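Novice: here is a sequence with its predicted model. Questions after.
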Amino acid sequence: MASKGRILVVDDDVDIQFMLQFYFSGVGYEVETADHGKDAIALARRQPHSLIILDIMLPDMDGFEICRELRMNNRTKYIPIIFLTQRDERSDRLSGLELGADDYVTKPFDVDELGLRVGNAIQSANQIAEIDPRSKLPTGRLIEDYLRGLMRETRQWTYVDGKIMNFDAFADVYGFVAADELIRFTAMLLADVVERYGTTDDYIGHPGRDNFVIVTHAADPRRLQDEIEAKFAKEVKQHYSFIDRERGYVTVPETNGDRRVDLMTLALGAVGTQTHRFADIREITELAAEDRRRRIQGIVEPEAGRFRSTW
């Protein structure tokens, strides 16, 4: 069964953690748990989540502070949040909603009702905020709005355009369920690498299908790009059968005979304020895409003996 999404349960009550993990896993969600606020923030930044169930009272920080930090981060600001609390005070509900929480549930609660609230919150977020349901990343208008704001920034930044090469052939051979899982895998991989080598202000978007974008403020964006390409090339093989992994290609049936297609790679191109001044967001996206196409065609730095962007 395909996953309905990934839920992060943040509560220091082990019994509630177990109950929610058992219930939501049973109805098709992937579930992660955390009992401290700092761990929850790190998990949310490292992997895209469909929703966070957040207890207000935690050992190291309260849920309001966690919600505030998540809403200030480009990679977590759109994740729906449902507060759990033992208090039913109007001031607490208002505080949570003012911070951008999507719902508020008082303990003890009916787990089936919470399940309905979770499903509704995820569906509403996907429709209203234009979040891709597979990658859980912003798409369309949200990316455009972010880029317009980015052009007013005084800090240096680099825009990275990414495309999964040979994705269509993979989808043809392995089917749409495997293709959707590959999209989720790529989103998680990008979030993990950006968390390790980028900054807390970095942004990840999913314009559509096999395309992803990253905006990084890292001092060394080339290292970020190299790490993404290397990690994808290594870990994408787990999505293929043993035979395809060993021979390094898939065979796509066609009317004139089978066609060999290499295993997928993630091609990246980049452009940034280090070398350019931009007139509009279309110029940013077109220059980065052009850099990606040049890399695919084989522009190589002689001394490095490998593809290298011309940032």
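Specialist: Received it, and whenever you're ready, just let me know what you need.
Novice: identify each buried residue in stretch 58-67, please.
Specialist: 58, 61-64, 66-67 (16 or more other C-beta atoms under 10 Å). C-betas here are computed from N, CA, C, even on glycine.
Novice: quick one: which of these is nearest Gln21?
Specialist: Of all those, Gln21 sits closest to Leu58, with 17.1 Å by C-beta to C-beta.
Novice: doesn't that closest one belong to a helix?
Specialist: No. Per DSSP: H, G, I helix; E, B strand; the rest coil, Leu58 lies outside any helix segment and is coil.
Novice: helix or strand: which one has Lys231?
Specialist: Using DSSP states H and E, the element containing Lys231 is helix 221-235.
Novice: contacting residues around the nearest residue to Leu266 once chain neighbours are set aside?
Specialist: Nearest non-adjacent residue to Leu266, counting by C-beta to C-beta, 6 or more residues apart in numbering: Phe232, 4.1 Å away. Contacts for Phe232 (C-beta atoms under 8 Å, 6 or more residues apart in numbering) come out as 186, 189, 264-266.
Novice: how about a cut-off of 10 Å?
Specialist: Contacts for Phe232 (C-beta atoms under 10 Å, 6 or more residues apart in numbering) come out as 162, 164, 185-186, 189-190, 193, 264-268.
Novice: out of those, who's nearest Arg292?
Specialist: Looking at the contacts of Phe232 and their distance to Arg292, the nearest is Ala267, at 5.4 Å (C-beta to C-beta).
Novice: the buried residues of stretch 58-67: which two are farthest apart?
Specialist: It's Leu58 and Cys67 that sit farthest apart of the buried residues of stretch 58-67, by C-beta to C-beta, at 11.6 Å.
Novice: any residues in contact with both of these two?
Specialist: Common contacts of Leu58 and Cys67, defined by C-beta under 10 Å, 6+ apart, comprise Gly37.
Novice: other SSEs contacting the next helix or strand after the helix holding Lys231?
Specialist: Next in sequence after helix 221-235, counting helices and strands by DSSP H and E, comes helix 242-247. The contact analysis (3 or more C-beta pairs under 10 Å, 6 or more residues apart in numbering; DSSP states H and E) places helix 242-247 against helix 167-174, strand 249-252.
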